[in-house]
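Dropping the sequence and predicted coords here.
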Amino acid sequence: MAVIKRCSLFAAWWAAGLVAVGAMADPSLPTLNAPDLAQGPYSHMQMLLQKFWIDVATVEVRVDRPTQERFTTLAQGQSYSKELEQQLAAFAFGAQRAVVQMHFKRDIPFNRWVGVLHDNLGQARKAGLIAADVEKRIGEALPQRLATLKERGYEKDDRFIYSVTADAVQVAVIAKGGQALANFVEKDMGARRAVMACFFAPKSDYREALLRNLVGAKR
């Protein structure tokens with residue numbers, strides 16, 4: 001159940017990207033190598049999410065050049081600390097352009113995601129990162145919006161790719177063979193905030209590991 005709770009943070013984000021009207025279907029698939037993203041030091045973070053010695057997913061984040069510059073100014077030559085983590089997380093959360101990819105290492109049943117969704121949305125709301133109306137809207141919409149994946153669930157080697165811009169989020173779910181199981185753009189500021197909150201909020205399962213990787217520190 002603890003493994004599913006980690007993955008359900010992504011369900012909260014995924015639902016957030018689905019609830020607003022006016023989504024644009026089937027845009028080009030997003031990529032970590034998009035030309036408007038930064039390359040080189042302090043542009044990329046990666047971690048292996050594990051629970052009880054089980055590999056759950058590889059998580060990667062790549063940010064834009066302005067965010068890379070802020071990371072560099074803060075982190076270059078510094079040792080990792082909780083103070084530095086807080087500063088880096090604030091810049092990551094505020095990035096105007098980022099791509100997040102989650103590459104699953106195991107199957108995740110659909111119904112278990114739904115079962116813990118409301119707990120994760122409530123946590124995000126209590127942290128002040130999403131509003132109560134966003135919490136309610138997402139919680140009610142998720143089962144209907146993800147109906148096409150209900151029987152299949154999320155399988156080993158599926159990739160979730162989340163492409164964040166200043167005013168929209170693109171969501172792509174890609175199967176091992178390259179088939180796009182979902183791919184759309186959602187213009188919803190609530191969705192944009194939710195995805196970054198999942199990875200960089202205090203007490204997130206991802207925040208410390210990603211940011212330690214960013215600055216080259218080891219756990």
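Yes, it's here. Numbers count the residues shown, from 1 in each chain.

Could you list the low-confidence segments of the chain?
For the chain, applying pLDDT under 70 flags the ranges 1-26, 112-124, 134-136, 138-146, 188, 218-219.

what are the ranges of the helices in it?
Here the chain has its helices, by DSSP state H, at 2-18, 65-75, 82-93, 110-126, 132-145, 189-200, 207-215.

got the angle for the second one vs helix 207-215?
What that stands for is helix 65-75. Using axes from the mean of the first three to the mean of the last three Cα atoms, to 10 degrees, the direction of helix 65-75 lies 90 degrees away from that of helix 207-215.

now the angle from helix 65-75 to helix 82-93?
Helix 65-75 and helix 82-93 are oriented at 180 degrees to each other (the same axes, to 10 degrees).

Just give me the residue closest to the centre of the chain.
Nearest residue to the geometric centre of the chain (Cα atoms, centre = their mean): residue 195, 4.7 Å.

if I look at that one, how far off is residue 215?
Distance of residue 195 to residue 215, computed by Cβ to Cβ, to the nearest Å: 22 Å. The way it works is simple: take the backbone N, C-alpha and C, and place the C-beta from them, glycine included.

by contact count, what packs against the lengthiest strand in the chain?
In the chain, taking DSSP state E as the definition, the longest strand is strand 54-63. Packing contacts for strand 54-63, counted by 3 or more Cβ pairs under 8 Å, 6 or more residues apart in numbering; DSSP states H and E, involve helix 2-18, strand 44-51, strand 98-104.

again, only this time at 6 Å
The contact analysis (3 or more Cβ pairs under 6 Å, 6 or more residues apart in numbering; DSSP states H and E) places strand 54-63 against strand 44-51, strand 98-104.

Report the strands that pair with that strand, each with its relative direction.
strand 44-51 (antiparallel), strand 98-104 (antiparallel) (DSSP bridges).

buried ones in the first one?
Of the residues in strand 44-51, those scored as buried under the neighbour-count criterion (16 or more other Cβ atoms under 10 Å) are 44-45, 47, 49.

Output the strands paired with strand 54-63 in JSON lines, with distance to residue 202 appended to each entry.
Shown next, in JSON lines, are the strands paired with strand 54-63 (distance: least, Cβ to Cβ, whole Å):
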{"stretch": "strand 44-51", "distance to residue 202": "17"}
{"stretch": "strand 98-104", "distance to residue 202": "18"}
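
Which stretch among those approaches residue 147 most closely?
Residue 147 lies closest to strand 98-104 among the strands paired with strand 54-63, at 20.0 Å (Cβ to Cβ).

tilt between the closest one and helix 189-200?
With the same axes, to 10 degrees applied, the angle from strand 98-104 to helix 189-200 works out at 60 degrees.

Send me strand 98-104 as PDB with only the CA atoms.
C-alpha atoms of strand 98-104 as PDB (Å, rounded to 0.1, in the frame of the first residue of the first chain):
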ATOM      1  CA  ALA A  98       9.800  21.700 -17.000                       C
ATOM      2  CA  VAL A  99       9.300  18.100 -18.100                       C
ATOM      3  CA  VAL A 100       8.800  15.300 -15.600                       C
ATOM      4  CA  GLN A 101       9.000  11.700 -16.600                       C
ATOM      5  CA  MET A 102       8.100   8.700 -14.500                       C
ATOM      6  CA  HIS A 103       9.200   5.300 -15.900                       C
ATOM      7  CA  PHE A 104       7.400   2.500 -14.100                       C
END
